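**Q** return atomic coordinates for the entry below.
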Amino acid sequence: GAVAGLYSLVRAFVRRGGAPPALGPTAPPKVGLVSIPFFHTTGCNALLLPALVTGQTLVCQRRFDATEALMLIEREKINLIGGVPTVAIQLLQHPDRDKYDLSSLETVTYGGAAAPTDLVRQIDDRTTARPGSGWGMTETSATHTHHFGEDYVNRPDSCGPAMPVSAIRVVGPDGAELPTGEVGELLAYGPNIVKGYWNKPEETAATFVDGWVRTGDLARIDDEGFCFIVDRAKDIIIRGGENIYCQEVEAVLFDHPAVAERARIAKPHPVLGEVPTAVVSLAPGLTVDADTLKALTASRLAAFKTPVEVHILNEPLPRNAAGKVVKGELKARFGT
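**A** Residues are numbered from 1 along each chain as shown. Predicted structure coming up:
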């Protein structure tokens, strides 16, 4: 797991067009901003261990706060920011962003949740930093695919190719590998895959097959090996037999400038089984109504994918300690 995290860091520098980071006591240290707990696999394997190896200085926030983060970036000359997509979104949308000197930023990376495709362009156009992303899970010891720089700008809806020490493939319900470009369950393989779940032999047998971990994510892989996550298998909505993936709906909603955060959830329906509902939070100082957002999705997506309801909040969406949206809370509030 530590090796995979270090590979991602080195590849980020190389794919940016530069040399790997200099190591040793005389090398100028990079400064990173962290708001993820170190007892999470991302905080430990993707952030803390690479920082230890490269001699990086870490500036820690107990919980992410955009105003404090802007102040810290200016004061501490932060070079690297890691976290979930909402970290980058809140920094870019902060009304006082232009009042701070953010010129020290070199890299803004995130994972743990689907990122809006337009976020990549915003980071690339509006900051000095290069955008980075990736995909992983606790079972893969954090980073398993990695995306950065020009590759990411050209494929903003991808989470990148597998790390050099790892492999990925997509399979159908029968476990057979699917052709390039088809959507199925993502499987991951490599030395960073854990052996199994502690004292849970049945769950281990069901999840780990011949060294491959069944991720529960639905994805496709293109002809150059880039992975595209479309949804969690358990979160997919089947509306009258038609599949609706989270990412495609959420990406359209985020394109409206008044939308700071968005989440697509399912609502039971007596005839169709379930229908899509959306919950969004507003960007500071901006507003939008539900009909406008429904019209936006209807103009970009098939009619059956358009949310039947859009709930608009003036407060941030509920998140856990790692910064991920807790959709269970939203379903309990709006999905019944």
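
**Q** just the strands in the stretch 51-200 of the chain please.
**A** 57-60, 80-83, 107-110, 130-137, 142-148, 167-171, 184-189 (DSSP state E, counting those that start in this stretch).

**Q** which one, of those strands, ends up nearest to His40?
**A** For the strands of the stretch 51-200 of the chain, proximity to His40 was assessed by Cβ to Cβ; strand 142-148 is nearest, at 8.6 Å. All C-beta spots, glycine's among them, are computed from the backbone N, C-alpha and C.

**Q** and the closest one, what does it pack onto?
**A** On a contact count with 3 or more Cβ pairs under 8 Å, 6 or more residues apart in numbering; DSSP states H and E, strand 142-148 meets helix 2-15, strand 130-137.

**Q** how distant is it from the center of its chain?
**A** Chain-centre distance of strand 142-148: 10 Å, with Cα atoms, centre = their mean, to the nearest Å.

**Q** give me the buried stretch members for stretch 122-139, please.
**A** 123-124, 127, 129-137, 139 (16 or more other Cβ atoms under 10 Å).

**Q** output that stretch as CSV, restricted to C-alpha atoms.
**A** Only the C-alpha atoms of stretch 122-139 are listed here, as CSV (Å, rounded to 0.1, in the frame of the first residue of the first chain):
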residue,chain,number,x,y,z
GLN,A,122,-11.5,25.2,-13.3
ILE,A,123,-8.3,24.2,-11.4
ASP,A,124,-6.3,24.3,-14.6
ASP,A,125,-7.6,27.7,-15.7
ARG,A,126,-8.1,29.6,-12.4
THR,A,127,-5.1,28.5,-10.3
THR,A,128,-1.3,27.9,-10.6
ALA,A,129,-1.9,24.2,-9.7
ARG,A,130,-2.2,21.2,-11.8
PRO,A,131,-5.2,18.9,-11.1
GLY,A,132,-4.8,15.3,-10.0
SER,A,133,-7.2,12.5,-9.1
GLY,A,134,-7.3,8.8,-8.6
TRP,A,135,-9.4,5.9,-7.4
GLY,A,136,-8.9,3.5,-4.5
MET,A,137,-10.4,1.9,-1.5
THR,A,138,-9.4,0.5,1.9
GLU,A,139,-9.0,-2.9,0.3
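
**Q** so for it, mean pLDDT?
**A** Across stretch 122-139, pLDDT averages out at 89.

**Q** same thing with stretch 326-336?
**A** 85.

**Q** report the buried residues of it.
**A** Applying 16+ other Cβ under 10 Å to stretch 326-336 flags 327, 330-331, 334-335 as buried.

**Q** from the residues you listed, which land in strands?
**A** Among these, no member falls in strands (DSSP state E).

**Q** between all of those, which two are separated the most?
**A** Lys327 and Phe334 (10.2 Å).

**Q** who touches both of these two?
**A** Common neighbours of Lys327 and Phe334, counting by Cβ atoms under 8 Å, 6 or more residues apart in numbering, are Ile265.

**Q** quick one: pLDDT of Met163?
**A** The predicted local confidence for Met163 is 87.

**Q** would you list the phi and psi of it?
**A** Note on Met163: its backbone torsions stand at phi -60, psi 160 [degrees, to the nearest 10].

**Q** how far away is Met259 from Val280?
**A** Careful, residue 259 is Val; it's not Met. 5 Å (Cβ to Cβ, to the nearest Å).

**Q** anything in contact with each of those two?
**A** 253, 293.

**Q** now the element after the helix or strand of the chain with the lowest mean pLDDT, going C-ward?
**A** Least confident element among the helices and strands of the chain, by mean pLDDT, DSSP states H and E: helix 2-15 (a mean of 59). As assigned by DSSP states H and E, the chain's next helix or strand after helix 2-15 is strand 31-34.
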